[in-house]
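> Based on what follows, work out the 3D shape:
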Amino acid sequence: MSCDDPANHEIPKAICGTRVDPSVSRPLVTSDEELHEYNLVDRSAAITAPCVLLSGHDPVLDLGFSWDPGPTDLMYLAQGTGSVSHVTDPHAIDFAYKTIVGTDGAISIAPCQTNGGKYFTLTLQVPQIGLMDHTHRKDIEKFMRAYFPATLKTLGCKGP
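Presented below is the predicted three-dimensional model:
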């Protein structure tokens, strides 16, 4: 194995303040450089903000934390032209939380009574996955199934 093999680089046990098993993140992190975060999320302030896991200067996992007074239409959000929440080929999945998964990202929402609103929305974009690459959809789904509930716990959600 080469020293530059991505499998040799350690995946963080916590991403953007949420503990997640590195085996869930590894299939989405294809880079071979050292990983670090750019994190503007302040859970106590509950203000919409990004957190990005970077490899060198390149984003590998781009997470958006958003608190809102009402529920968000996930398909509308996913199909928007903006760079914050666009998800290619989104489909709803059967999950405890309303979630859509695409070829290059996902979005989940749940009731979450905090200072920032009554709902919490998490967007995930995986910029290193090509728009037509359908091979990572299950990896993205697996990540969201682990990461989203774990994130809700870190927020101290008080329910609807």
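
> Strands of the protein, start to end?
Defined through DSSP state E, the strands belonging to the chain, from first to last, are 14-15, 18-19, 35-39, 49-55, 58-68, 91-92, 98-101, 105-114, 117-125.

> in its sheet, what does the second one sit against?
Read it as strand 18-19. For strand 18-19, sheet partners with direction are given as strand 14-15 (antiparallel), following DSSP bridges.

> got the contact list for the strand it pairs with?
By CB atoms under 8 Å, 6 or more residues apart in numbering, the residues outside strand 14-15 that reach it are 20, 25, 37, 51, 53, 61, 63, 147. No exception for glycine: its C-beta is placed from N, CA and C like everyone else's.

> list the contacts for the residue nearest the centre of the chain?
Using CA atoms, centre = their mean, the residue of the chain that lies closest to the mean C-alpha position is Leu124, 3.1 Å off. For Leu124, the contacting residues are 61-64, 105-107, 140, 143-144, 147, taking CB under 8 Å, 6+ apart as the criterion.

> low-scoring stretches of the protein, by residue?
Within the chain, the segments meeting pLDDT under 70 span 1-9, 32, 81-84, 158-160.

> which residues sit against stretch 39-49?
16-17, 50-52, 64-67, 114-117, 154-156.

> Pull the distance from that stretch to the chain's centre.
Mean-position distance between stretch 39-49 and its chain equals 14 Å (CA atoms, centre = their mean, to the nearest Å).

> May I have the distance across that stretch, first residue to last?
The distance separating the two terminal residues of stretch 39-49, taken as CA to CA, to the nearest Å, comes to 8 Å.

> What residues of it count as buried?
For stretch 39-49, a neighbour-count test (16 or more other CB atoms under 10 Å) marks 39, 41, 43, 46, 49 as buried.

> same check, this time on stretch 129-145
Within stretch 129-145, the residues that qualify as buried are 129, 136-137, 139-145, counting by 16+ other CB under 10 Å.

> Closest to Pro71 out of those residues?
Met144 (17.4 Å; CB to CB).

> Now do the contacts for the closest one.
With contacts defined as CB under 8 Å, 6+ apart, the neighbours of Met144 are 95, 99, 101, 106, 108, 122, 124.
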